[in-house]
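Colleague: Give me coordinates for this.
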Amino acid sequence: MPEAKTVKVLIVEDHPLFSKGLASLITGKPGYVVAGEASSLSRAMKIAEQKKPELAIVDILLGNESGLDLIPRLKSLNPDMVILVLSAHDERYYSERALRLGARGYIMKDKPAENVLDAIKTVMSGKIYLSETERERVLESITGENLPKGKDWGDSLRRLSDREIQIFSCIGKGLGTGEIANKLKLSAKTIDTHKEHIKLKLHCDSSHELRRFAIEWVNHPDVPYT
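Modeller: Numbers count the residues shown, from 1 in each chain. Below you'll find the model as predicted:
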């Protein structure tokens, strides 16, 4: 009988203690080995190119970088690579976005170790992993229209692109156009264009209303740091 293939895993996580704990959990599971650990997009891509992992477990917040930006880059490098997002960010705001980018599953960091192992097993079997609650919500959202503004943050923000979410978050933190442009390395004109698109998508009649909505969102107790 041929020996089962060992799955090489890439861990992309910027908190060393959590990364080491996850690595220990994975190496304790037969048939899996940690190919490398990375805390940045560039390091993750370098390990992926050298080690060719079959599975990448990716956090969303990586210092000043976003794990969401890494997903399509990894898929471009190897379309068959399976990607599981493991993040403290609430799945209501990011799971659907991660799946659209190419991830096969999303699980939050506060889940027990056995749930993480189950998520790994599920995505490696070719299935999608989401919590039961989130799976139902995603299915319901397919036919949802005219979503209430300022009530269900997840539904409202699904209208925005990844870049628009970044800018919306910056607005909520009190940053002006110039500051946002400098932070994201974009022109002020580009930021203003994105702001107009955000206003249209969220049905904001003025810049003042957009700013109020953004501040309310950033300070909402259920909203993760972005």
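Colleague: contacts, neighbours, all on C-alpha from now
Modeller: Fine.
Colleague: Poorly predicted segments of this protein, please.
Modeller: Across the chain, residues meeting the criterion (pLDDT under 70) sit at 1-4, 138-156, 220-226.
Colleague: ok, then the element right after the longest helix anywhere in it?
Modeller: When the chain is parsed with DSSP state H, its longest helix is helix 188-201. Using DSSP states H and E, the helix or strand that follows helix 188-201 in sequence is helix 207-218.
Colleague: And that next one, what does it pack against?
Modeller: helix 162-172 (3 or more C-alpha pairs under 8 Å, 6 or more residues apart in numbering; DSSP states H and E).
Colleague: Identify each buried residue in the helix it packs on, please.
Modeller: 162, 164-165, 167-172 (16 or more other C-alpha atoms under 10 Å).
Colleague: can you list the residues you listed in JSON lines and add distance to residue 187?
Modeller: Converted to JSON lines, the buried residues of helix 162-172 look like this (distance: C-alpha to C-alpha, whole Å):
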{"residue": "162", "distance to residue 187": "17"}
{"residue": "164", "distance to residue 187": "14"}
{"residue": "165", "distance to residue 187": "17"}
{"residue": "167", "distance to residue 187": "13"}
{"residue": "168", "distance to residue 187": "16"}
{"residue": "169", "distance to residue 187": "17"}
{"residue": "170", "distance to residue 187": "15"}
{"residue": "171", "distance to residue 187": "16"}
{"residue": "172", "distance to residue 187": "19"}
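Colleague: of all the residues you listed, which comes closest to residue 93?
Modeller: Minimum distance to residue 93 across these is 10.3 Å, recorded for residue 165 (C-alpha to C-alpha).
Colleague: can you tell me how far the closest one sits from residue 108?
Modeller: 20 Å (C-alpha to C-alpha, to the nearest Å).
Colleague: okay, now the domains of this structure?
Modeller: Structurally, the chain divides into domains by automatic domain parsing as follows: 7-139, 153-218.
Colleague: Could you check how many residues crowd around residue 129?
Modeller: Counted with other C-alpha atoms under 10 Å, residues neighbouring residue 129 total 24.
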